[in-house]
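Engineer: Got a predicted model here, sequence first, then my questions.
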Amino acid sequence: MNASARRTPEFFRKSVIYQLFLRAFTKEGTLKGAEKLLPHLAELGIDIVYLCPITLADDDPNQEFWSPRQKASGMENPQNPYRVKDYFAIDPEYGTGEDLKDFIHTAHGLGIRVMLDLVYYHCGPTAVLISEHPDFVKRDENGNVKNGEWCFPELDFGNLELREYLWSNMEYFVREFGADGYRIDVASPKIPLDFFEEAHRRLELLNPDILLLAEAQNPTDQLAAYDISYDYGSRSCLHKIFLENGSPDLLEQDRLRLAAEFPEGARFMSFIENHDTANNDYDNRLERKLGHRGKDAMLAALFSLKAIPMLYTGEEAADDNRHSLWGNRFHGKNLTVKWENILTPFGRRRFQLLQTLIRLHRSEPAFYDGSTEWLSDGEVFAVCRSSGDKRYLCAVNPRKESRTLKLSLPSDCHWNPDSVVLREGVCVMEHSSGLQLTLEPYGYLVTKLETKERD
């Protein structure tokens, strides 16, 4: 695309995001409970917490208006966080307005920004806005409310009063609570792009560093409306590479596609798990599919991409528990993170691994803003990330069997064993023109390449 993405604050490129799902984050499932663990996220190195929806969820028990996954969950809980009853109220399940203020205030004191989750494509069947403003939702020729996907009433963005209502909702949480931005559930094309272009303009008057994240991957999103888009491609490629023996070249092909389709300077949020993928089934958890070492290797690969990384609730604790969008302390089981894993060798290793990867991403331009040279051989994932005269080699074996990778290094650089940042299950041998890496199953290496002194 012959265009440039909108400018965003410099800190954003260096940031690491953490998706915090309150129902799984603590046994209490509350803002107060989560606030106590914010120092833990600060120690990990998190820059931005994105909270799943904390607004009042619709409690309508009529399963005609439940999504298929909600019915299949077996939790018998009508309150889906993504089915809103009141856009201006905090759900008592999570706490109060004061609790949200305290959470954000504590986060800010630790240097962490907070994004809230907005659900504007649809609402709940007994939503306040339907009773107060019947024309805020789409209706059929007979005047009946039209449901969009997932069996929920669809908002009518052709109504200018609805737009003002929602803009005021976005302004409310920034002005009254100090929210630093929003993740937009089911963004464009479900919600008109011009709505968020105007939203961004208005919100910048309250906070010049406001951030909008689109749960979408549309090339025009970042021209004026959004600051970052979801990176579905890298997640899909990493899953194929690690779980289906796909070629690491898939990632290079996907990156070339993004570069061709999106405006220059576009930003993407990369991840390998989120609230959807961790939902309802133990078998959905990558810790169980890959084992802890396999997940470590996938995280090493994730952080080597040019993107803004996002971690999901409990990944730093090597959590393999089942989560549920509908399970809480009132319905079904309260399915929470296995925080006790932090005390185990594999849990400590995971936390330290992520601390190191986050520190690299935040401090080294080669990682947060550098160029990428693809070095994969069809079996081993390998890239060289560069910025100026600094180069970092990242190599990851995504296989359950050992693999060997031969690399040619640029003539002006060499490998120094003292410059290794991360190394797990890798034997390095130098040869005349480069390196030979023998990687054990799920082995990985992140190392700085030293520049040779000129004669």
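Structural biologist: Received the coordinates, thanks. Numbers count the residues shown, from 1 in each chain.
Engineer: Low-confidence ranges, the stretch 351-455 of the chain, go.
Structural biologist: Residue ranges of the stretch 351-455 of the chain with pLDDT under 70: 453-455.
Engineer: now the strands for it?
Structural biologist: 371-374, 381-387, 390-396, 403-408, 413-431, 434-451 (DSSP state E, counting those that start in this stretch).
Engineer: Which among these is found nearest to residue 253?
Structural biologist: Distance to residue 253, taken as C-beta to C-beta, is lowest for strand 371-374 among the strands of the stretch 351-455 of the chain, at 9.6 Å. No exception for glycine: its C-beta is placed from N, CA and C like everyone else's.
Engineer: from the strands of the stretch 351-455 of the chain, which stretch is densest packed?
Structural biologist: strand 390-396 (a mean of 24; mean count of other C-beta atoms under 10 Å).
Engineer: hang on, the earlier thing: residue 113 is nearest to which of the strands of the stretch 351-455 of the chain?
Structural biologist: In terms of C-beta to C-beta, the element of the strands of the stretch 351-455 of the chain nearest to residue 113 is strand 381-387, at 24.4 Å.
Engineer: partner strands of that closest one, parallel or antiparallel?
Structural biologist: strand 371-374 (antiparallel), strand 390-396 (antiparallel) (DSSP bridges).
Engineer: For the ones you listed, could you give me JSON lines that also reports distance to residue 425?
Structural biologist: Shown next, in JSON lines, are the strands paired with strand 381-387 (distance: least, C-beta to C-beta, whole Å):
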{"stretch": "strand 371-374", "distance to residue 425": "22"}
{"stretch": "strand 390-396", "distance to residue 425": "10"}
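Engineer: how about those, which one is nearest residue 278?
Structural biologist: Residue 278 lies closest to strand 390-396 among those, at 22.3 Å (C-beta to C-beta).
Engineer: Now do that closest one and strand 413-431, the angle between them.
Structural biologist: Interaxial angle, strand 390-396 versus strand 413-431 (axes from the mean of the first three to the mean of the last three C-alpha atoms, to 10 degrees): 40 degrees.
Engineer: and strand 390-396 with strand 403-408, angle?
Structural biologist: Going by the same axes, to 10 degrees, strand 390-396 makes 160 degrees with strand 403-408.
Engineer: Go through the strands paired with strand 381-387 and name the closest to residue 281.
Structural biologist: Shortest separation from residue 281 across the strands paired with strand 381-387 is recorded for strand 390-396, at 26.4 Å, computed as C-beta to C-beta.
Engineer: quick one, the closest one and strand 434-451 angle?
Structural biologist: Going by the same axes, to 10 degrees, strand 390-396 makes 150 degrees with strand 434-451.
Engineer: hang on, residue 88 packs against residue 169?
Structural biologist: Yes: under the criterion of C-beta atoms under 8 Å, residue 88 makes contact with residue 169 at 6.3 Å.
Engineer: List the residues that contact the residue nearest the centre of the chain.
Structural biologist: Residue closest to the average C-alpha location in the chain (C-alpha atoms, centre = their mean): residue 310, at 3.5 Å. Taking C-beta atoms under 8 Å, 6 or more residues apart in numbering, we find residue 310 in contact with 16, 17, 18, 19, 50, 269, 270, 271, 274.
Engineer: make it 6 Å
Structural biologist: Counting by C-beta atoms under 6 Å, 6 or more residues apart in numbering, residue 310 touches 17, 19, 269, 271.
Engineer: and it, that one's in a strand?
Structural biologist: Yes: assessed by DSSP: H, G, I helix; E, B strand; the rest coil, residue 310 belongs to a strand.
Engineer: and it, bridged to which residues?
Structural biologist: Residues in a beta bridge with residue 310, per DSSP bridges, are residue 17.
Engineer: measure it to residue 195 for me?
Structural biologist: 24 Å (C-beta to C-beta, to the nearest Å).
Engineer: Kindly report the same for residue 95.
Structural biologist: 29 Å.
Engineer: Where do the domain boundaries of the protein fall?
Structural biologist: Domain segmentation of the chain under automatic domain parsing yields 10-363, 371-451.
Engineer: Now do the shortest one: distance to the chain's middle.
Structural biologist: Here domain 371-451 shows a centroid-to-chain-centroid distance of 27 Å under the convention C-alpha atoms, centre = their mean, to the nearest Å.
Engineer: go on, the first one?
Structural biologist: Here domain 10-363 is found 7 Å from its chain centre; the criterion is C-alpha atoms, centre = their mean.
Engineer: next one: stretch 2-20
Structural biologist: Computed by C-alpha atoms, centre = their mean, the chain-centroid distance of stretch 2-20 equals 12 Å.
Engineer: could you dump it to CSV, C-alpha only?
Structural biologist: Taking Å, rounded to 0.1, in the frame of the first residue of the first chain, the C-alpha atoms of stretch 2-20 are listed here in CSV:
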residue,chain,number,x,y,z
ASN,A,2,1.3,3.4,-1.0
ALA,A,3,0.5,5.1,2.3
SER,A,4,1.8,5.6,5.9
ALA,A,5,0.3,4.4,9.1
ARG,A,6,-0.8,7.1,11.6
ARG,A,7,1.9,8.2,14.0
THR,A,8,1.9,6.7,17.5
PRO,A,9,3.8,7.5,20.7
GLU,A,10,7.4,6.2,20.6
PHE,A,11,6.9,4.1,23.8
PHE,A,12,4.3,2.0,22.1
ARG,A,13,6.8,0.3,19.7
LYS,A,14,8.8,-0.9,22.7
SER,A,15,5.8,-2.1,24.7
VAL,A,16,4.7,-5.6,25.7
ILE,A,17,1.0,-6.1,26.3
TYR,A,18,-0.6,-8.5,28.8
GLN,A,19,-4.2,-9.6,28.4
LEU,A,20,-5.7,-9.9,31.8
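Engineer: Show the average pLDDT along that stretch.
Structural biologist: The pLDDT scores in stretch 2-20 average 93.
Engineer: which residues touch it?
Structural biologist: Contacts for stretch 2-20 (C-beta under 6 Å, 6+ apart): 41, 46-51, 209, 222, 224, 227, 263-266, 274, 308-313, 358, 361-362, 368-369.
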